[in-house]
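Asks: sequence and predicted structure below; questions after.
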Amino acid sequence: MTTASIAADAAVADSTATQASQATQQTTANASALRFLTCGSVDDGKSTLIGRLLVDTRAVLQDQLAGVTKSGETDLALLTDGLSAEREQGITIDVAYRYFATEGRKFIIGDAPGHEQYTRNMVTAASSADAAVVLVDATKLDWKNPQLTLLPQTRRHSLLAHLLRVHSLVFAVNKLDAVEDPQQAFVHIRGALERFTAEAGIASAATVPVSALKGFNVVNAEPGWAGYDGPSLLQLLEQLPNTPTDTGLALAFPVQWVEKFSSSADTSQGRRVFWGRVAAGRARVGDAVQILPSGQQAVIAQVLDHARVPGSIDAGLSAGITLDREVDVSRGDWLVAAPVAATAAADDDFDAPQAQPAWPSKRELTATVAWMDEQPLVPGRTYLALHGHRWIKAKARRVVHRLNIHTLAQEEATQLEPNAIGRVELLLQESIPAAPFAQARQLGALILVDTASHATAGAALLD
């Protein structure tokens with residue numbers, strides 16, 4: 001083989017490698033980032049797991065790694081515990097977000113605290129997550145017992161993730177390297193998780209045995225370890241879908257900010273742009289909309305994206321909407337699809353049928369409430385409720401029942417204690433365009449706030 005042919009082959013190989021590298025970078029750049037959280041009980045290894053993911057995917061700089069290394073030992077949990085109180089006490093208090101990417105996908109991690117008193121922070125992280133990784137500490141369970149009982153916080157976090165419509169739920173059985181028989185422990189714990197999810201109606205994507213400390217089945221698979229031959233946790237996460245957006249529904253758009261152009265001489269359309277994030281449906285030019293709560297109607301004259309480029313905007317994305325005329329619209333109002341006219345039953349029917357609203361407004365609601373305040377929820381008390389960007393007063397009329405997280409039974413109750421989950425009847429001061437949370441996330445969610453302390457008291461998911 002001549003020198004020229006060798007050089008030609010090398011050039012072809014370099015070109016192929018460059019093209020492959022560019023294709024991989026383009027795939028990573030275009031992949032939808034997966035937002036997931038780690039949750040579970042206290043000291044189950046959530047922060048250590050995230051540290052292992054960051055280290056083994058080379059997402060940590062050398063100086064960061066040196067900062068959490070003492071006497072030659074690396075404390076992976078310190079990579080996510082950013083508050084001084086967290087480092088001093090060795091616990092996670094607030095939700096810590098970390099970012100990393102592999103060749104196949106980008107990830108946004110939320111490290112949720114495991115303590116009961118910080119359940120509100122876990123709910124905050126789960127409300128915007130595509131997936132949840134629930135860690136289970138094998139060393140805390142009676143793993144030799146086939147009928148073992150899961151920890152209360154494992155059950156509570158799993159139920160909350162399910163109620164908050166987290167699309168994918170993965171159980172990671174951690175610290176199996178610290179038990180005598182990892183395979184037996186994994187089989188028994190997986191059985192307990194399967195019984196719990198079946199009883200609670202929770203769909204689980206997978207159950208994986210891991211060792212966050214040693215790195216088993218976290219980034220790289222360990223075939224045969226603990227009797228498991230499936231993909232690693234990271235390989236599973238790369239394949240999980242993002243939460244589907246509510247694009248197939250009628251338009252619902254909460255107004256967050258009003259941009260004024262009162263000095264403009266163009267009177268062919270409204271001279272204000274209403275900015276926010278499309279909650280449901282699609283915002284398109286020419287669509288008729290109704291403004292709530294005023295009830296006025298108008299037509300969309302222009303739709304802008306975040307870069308002020310005109311075009312249709314789907315649910316989940318930010319948009320700026322201009323109407324065809326000047327209408328009184330303020331922060332907190334909703335732009336929803338205009339009511340659809342109903343057809344008459346017969347030609348001689350003199351009673352004109354009323355138009356059917358796309359999103360009916362309601363004052364009386366029933367909701368599943370995750371209570372997070374130190375003071376219990378008591379019927380008759382008034383709270384501030386945030387729906388979209390609108391504040392209204394809400395009164396708790398009655399506690400229908402409380403969910404026992406141990407037995408999953410619906411128990412009679414007169415109040416909801418801190419960290420309890422139950423069903424509550426609410427009466428609002430004004431009507432809102434409400435929908436079941438299972439149908440539309442944004443329209444079916446309320447945040448309850450204490451009127452005196454202004455602390456977040458509960459998360460309400462409408463039935």
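Replies: That came in fine, so what should we check first? Numbers count the residues shown, from 1 in each chain.
Asks: the residue nearest to residue 294 when sequence neighbours are not counted: what secondary structure?
Replies: Nearest residue to residue 294 in three dimensions, chain neighbours excluded: residue 328, at 6.2 Å (C-beta to C-beta, 6 or more residues apart in numbering). C-beta here means a position set from N, CA and C on the backbone, and glycine is covered the same way. The three-state label given to residue 328 by DSSP: H, G, I helix; E, B strand; the rest coil is coil.
Asks: again, but for residue 145
Replies: coil.
Asks: I'd assumed residue 188 was in contact with it.
Replies: Yes. Under the criterion of C-beta atoms under 8 Å, residue 145 makes contact with residue 188 at 6.7 Å.
Asks: neighbour-wise, which of these two wins?
Replies: residue 188 (21 against 10; other C-beta atoms under 10 Å).
Asks: quick one: the more buried one is in a helix?
Replies: Yes. Residue 188 sits within a helix when classified using three-state DSSP.
Asks: and residue 225, its phi and psi?
Replies: Per-residue torsions, residue 225: phi -70, psi 130 (degrees, to the nearest 10).
Asks: and residue 260, by the same measure?
Replies: Main-chain torsions, residue 260, degrees, to the nearest 10: phi -100, psi 140.
Asks: OK, contacts around the nearest residue to it once chain neighbours are set aside?
Replies: Nearest residue to residue 260 in three dimensions, chain neighbours excluded: residue 272, at 5.4 Å (C-beta to C-beta, 6+ apart). Contact analysis of residue 272 by C-beta atoms under 8 Å, 6 or more residues apart in numbering lists 258, 259, 260, 261, 262, 322, 326, 329.
Asks: what do you get if the cut-off is 7 Å, keeping everything else the same?
Replies: 258, 259, 260, 261 (C-beta atoms under 7 Å, 6 or more residues apart in numbering).
Asks: pLDDT, distance to residue 184 and secondary structure added to those residues, as a markdown table?
Replies: Shown next, in a markdown table, are those (pLDDT from 0 to 100; distance: C-beta to C-beta, whole Å; DSSP: H, G, I helix; E, B strand; the rest coil):
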| residue | pLDDT | distance to residue 184 | secondary structure |
| --- | --- | --- | --- |
| 258 | 94 | 62 | strand |
| 259 | 92 | 63 | strand |
| 260 | 85 | 68 | strand |
| 261 | 76 | 69 | coil |
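Asks: export those residues to TSV and tack on distance to residue 371 and neighbour count?
Replies: Shown next, in TSV, are the contacts of residue 272 (distance: C-beta to C-beta, whole Å; neighbours: other C-beta atoms under 10 Å):
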residue	distance to residue 371	neighbour count
258	34	14
259	38	12
260	40	9
261	44	11
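Asks: which one of those residues is nearest residue 359?
Replies: The shortest approach to residue 359 among these belongs to residue 258, at 21.0 Å (C-beta to C-beta).
Asks: for the stretch 151-300 of the chain, which segments count as helices?
Replies: Listed in chain order, the helices of the stretch 151-300 of the chain (DSSP state H, counting those that start in this stretch) span residues 152-163, 182-200, 233-239.
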